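Engineer: give the three-dimensional model of this entry:
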Amino acid sequence: MTIAGGAAVERPVAQAPRAELREVSKRFGATQALASVSFELLAGEVHALVGENGAGKSTLVKILAGLYPPDSGLVLLDGQPQQIHGAAQARDFGIAVVHQEPSLFPDLSIAENVFLGHQPVGRAGSIDWRGMRRAAQALFDELGVRLDVASPVRGLSMADQQLIEIARALSFDAKVLVLDEPTASLSTHEVDQLFVIARQARAKGVGVLFVNHRLEEVFELSDRVTVLRDGRHVITAPSIGLTPRDLIRHMVGRDVTMFPKVAATPGDVLLEVDGLSRAGEFEDVSFAVRAGEILGFAGLVGAGRTEVARVLFGVERPDRGVVRLGGRPVSFESPAAAIQGGIAYVPEDRHQEGLVLDFSVAENISLPIIARLFPRLFVGRRAEARVAGEFSAELNVRPAGVERIVSGLSGGNQQKVVIAKWLATKPQVLILDEPTRGIDVAAKAEVHRIIGTLAAEGLAIMLISSDLSEVLAMADRIIVMHEGRISAELSSAEATEEKVMVAATGQQAGGA
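Structural biologist: Next up is the predicted model:
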């Protein structure tokens, strides 16, 4: 038995190892990604793998997935040493991996993505399209997800894409199920669905490897926990014998204060939204944000929070409603107009929408202000480096050096670059959409520190997050949305996880 949220949860008795790494090492140039790491995943257990970005978790997962060969050491599956050459062979061995960043084909249908590479075949040897759609629909019914399996993936939310990845992993008889940050884009409701699936897999004797930064989820789901730090094994222990503070100390080598919010007194209203609506997405949304205030937005994925943010940033146009910035009505035809008006937006998907991964830190930070910096379209690299250096130093981007290519940074430091990029526009209102998605505990604490400091300096901040603990700890007030409407507005003093979830699931209308 283990403790999850104060409740005792029965765990099935673990069986023989499904997958095992013995003294595995892997080096990339001067970086020792893994150093003699030993790890075993038992049949019938959920084993959490935690550590900071760069600790070696992704390398371990990619070795199991057949994407990297180990430099030394052994990989054993069901007790037999194996060499895994590529993802297809890993699948043949019964290893299914759900990666943090969905890798779907946007122009193929949902069903085609689920069964890509192992489509059901009819009598004549051709693909059984009808049977494939039926099988895909059965998988989504099991997941409790409503999606049209014949529709293309393009345009779906990150949460829906993640659920398609999970369905793809479950579409063949896996012995090892690797969940690599699977909950990063999911709401509490979708996380609960995923946990049901993981527990069902565990009960069938599948070894489930759960890679996650959200420690409350680690303790809720896992039987054992392994901590990696700087490519080395630190500890493997039953989750029942550990505390969150223990795990954080093992992960970073020191104590870390979570949610370091800076005290701030809200000032004048900077942003007012009155009756904002967009057909099919949200309706009659009204709220105000003051200078120095953090206004949290909670709700299930698809509730309309991101859609409101995209309208405020000029990505989409509203059907009706009024937006006032500094007391004056505004209507932004484009993100460029929103930036000029004083609104900045840190998007949910930093890789697709927030960064140019092949550009340097300096080039990314200067992108939104390049016309202001260089009105004659001649880019002065010294001026670019100076501006980027100021903002990257303020946000403690590591390693230092604005010439570094962004793709080589950790997830947490990439997120700092995105924030720095928008702070360079000198906004009055900063919209943060899932700002700590997919980053480790220490980086998350650093981003929280930055958010608190920015609010204390007078920015009006809209914080959209599916992490309830984050919203409850950081926000001065919380707007809860359900199916495109505001279902509750709560002060930080009265807000609880239960009240937020009641409103988010539509069981409460109006204010608290």
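Engineer: could you pull out the strands in the stretch 401-512 of the chain for me?
Structural biologist: Ranges of strands within the stretch 401-512 of the chain are 429-433, 460-464, 477-482, 485-491, based on DSSP state E, counting those that start in this stretch.
Engineer: take the ones you listed and lay them out in TSV including distance to residue 366.
Structural biologist: C-beta coordinates here come from the backbone N, C-alpha and C atoms, glycine included. Formatted as TSV, the strands of the stretch 401-512 of the chain follow (distance: least, Cβ to Cβ, whole Å):
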stretch	distance to residue 366
strand 429-433	18
strand 460-464	23
strand 477-482	33
strand 485-491	37
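Engineer: is it possible to get CSV of these that adds distance to residue 157, mean pLDDT and mean neighbour count?
Structural biologist: As requested, those are arranged in CSV below (distance: least, Cβ to Cβ, whole Å; pLDDT from 0 to 100; neighbours: other Cβ atoms under 10 Å):
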stretch, distance to residue 157, mean pLDDT, mean neighbour count
strand 429-433, 12, 97, 26
strand 460-464, 13, 97, 26
strand 477-482, 14, 96, 24
strand 485-491, 18, 96, 19
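Engineer: quick one: closest of those to residue 150.
Structural biologist: Closest approach to residue 150 among the strands of the stretch 401-512 of the chain (Cβ to Cβ): strand 477-482, 28.0 Å.
Engineer: what packs against that closest one?
Structural biologist: Here strand 477-482 touches strand 282-290, strand 294-299, strand 485-491, helix 497-504, going by 3 or more Cβ pairs under 8 Å, 6 or more residues apart in numbering; DSSP states H and E.
Engineer: what is the neighbour count of residue 338?
Structural biologist: Neighbours of residue 338 under the rule other Cβ atoms under 10 Å: 25.
Engineer: do you know how far the residue nearest to residue 193 when sequence neighbours are not counted is from residue 462?
Structural biologist: Closest residue to residue 193 apart from its sequence neighbours, by Cβ to Cβ, 6 or more residues apart in numbering: residue 144 at 5.2 Å. Noted for residue 144: a distance of 30 Å to residue 462, by Cβ to Cβ, to the nearest Å.
Engineer: likewise for residue 468?
Structural biologist: Computed as Cβ to Cβ, the residue 468 to residue 462 distance reads 17 Å.
Engineer: what is the burial count for the residue nearest to residue 193?
Structural biologist: By other Cβ under 10 Å, 13 other residues sit near residue 144.
Engineer: wait, it touches residue 192, no?
Structural biologist: No. Here residue 144 does not reach residue 192: they are 9.4 Å apart, not a contact under Cβ atoms under 8 Å.
Engineer: hmm, back to that, which of the helices and strands packed on strand 477-482 is buried the deepest?
Structural biologist: Among those, the stretch with the highest mean neighbour count (mean count of other Cβ atoms under 10 Å) is strand 294-299, at a mean of 28.
Engineer: how about the CA coordinates for it, as PDB?
Structural biologist: Provided in PDB are the C-alpha atoms of strand 294-299 (Å, rounded to 0.1, in the frame of the first residue of the first chain):
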ATOM      1  CA  ILE A 294      -1.600  37.800 -11.000                       C
ATOM      2  CA  LEU A 295      -5.000  36.700 -12.300                       C
ATOM      3  CA  GLY A 296      -5.100  32.900 -12.500                       C
ATOM      4  CA  PHE A 297      -7.200  31.100 -15.100                       C
ATOM      5  CA  ALA A 298      -8.200  27.500 -14.200                       C
ATOM      6  CA  GLY A 299     -10.400  25.000 -16.000                       C
END
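Engineer: other SSEs contacting it?
Structural biologist: Contacting strand 294-299 under the criterion 3+ Cβ pairs under 8 Å, 6+ apart are the following elements: helix 305-312, helix 441-456, strand 460-464, helix 468-474, strand 477-482, helix 497-504.
Engineer: what's near enough to touch residue 298?
Structural biologist: Counting by Cβ atoms under 8 Å, 6 or more residues apart in numbering, residue 298 touches 305, 465-466, 468, 471, 478-481, 500, 503-504.
Engineer: what do you get if the cut-off is 10 Å, keeping everything else the same?
Structural biologist: 187-188, 305, 463-468, 470-472, 475, 478-482, 487-488, 490, 495, 497, 500-501, 503-504 (Cβ atoms under 10 Å, 6 or more residues apart in numbering).
Engineer: what about the helices in the stretch 151-300 of the chain?
Structural biologist: For the stretch 151-300 of the chain, the helices defined by DSSP state H, counting those that start in this stretch cover 158-170, 188-203, 215-221, 244-252.
Engineer: what about stretch 427-442, start to end distance?
Structural biologist: Using Cα to Cα, to the nearest Å, the end-to-end distance of stretch 427-442 comes out at 26 Å.
Engineer: off-centre distance for that stretch?
Structural biologist: When C-alpha coordinates are averaged (Cα atoms, centre = their mean, to the nearest Å), stretch 427-442 and its chain have centres 10 Å apart.
Engineer: stretch 118-127 now?
Structural biologist: Taking Cα atoms, centre = their mean, one finds the center of stretch 118-127 at 36 Å from the center of the full chain.
Engineer: for the stretch 1-150 of the chain, what spans make up the helices?
Structural biologist: Here the stretch 1-150 of the chain has its helices, by DSSP H, counting those that start in this stretch, at 57-64, 87-92, 110-114, 129-143.
Engineer: about what we covered before: I'd like the helices and strands packed on strand 294-299 as a markdown table, with distance to residue 52 appended.
Structural biologist: A markdown table is the format used below for the helices and strands packed on strand 294-299 (distance: least, Cβ to Cβ, whole Å):
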| stretch | distance to residue 52 |
| --- | --- |
| helix 305-312 | 28 |
| helix 441-456 | 6 |
| strand 460-464 | 23 |
| helix 468-474 | 18 |
| strand 477-482 | 29 |
| helix 497-504 | 26 |
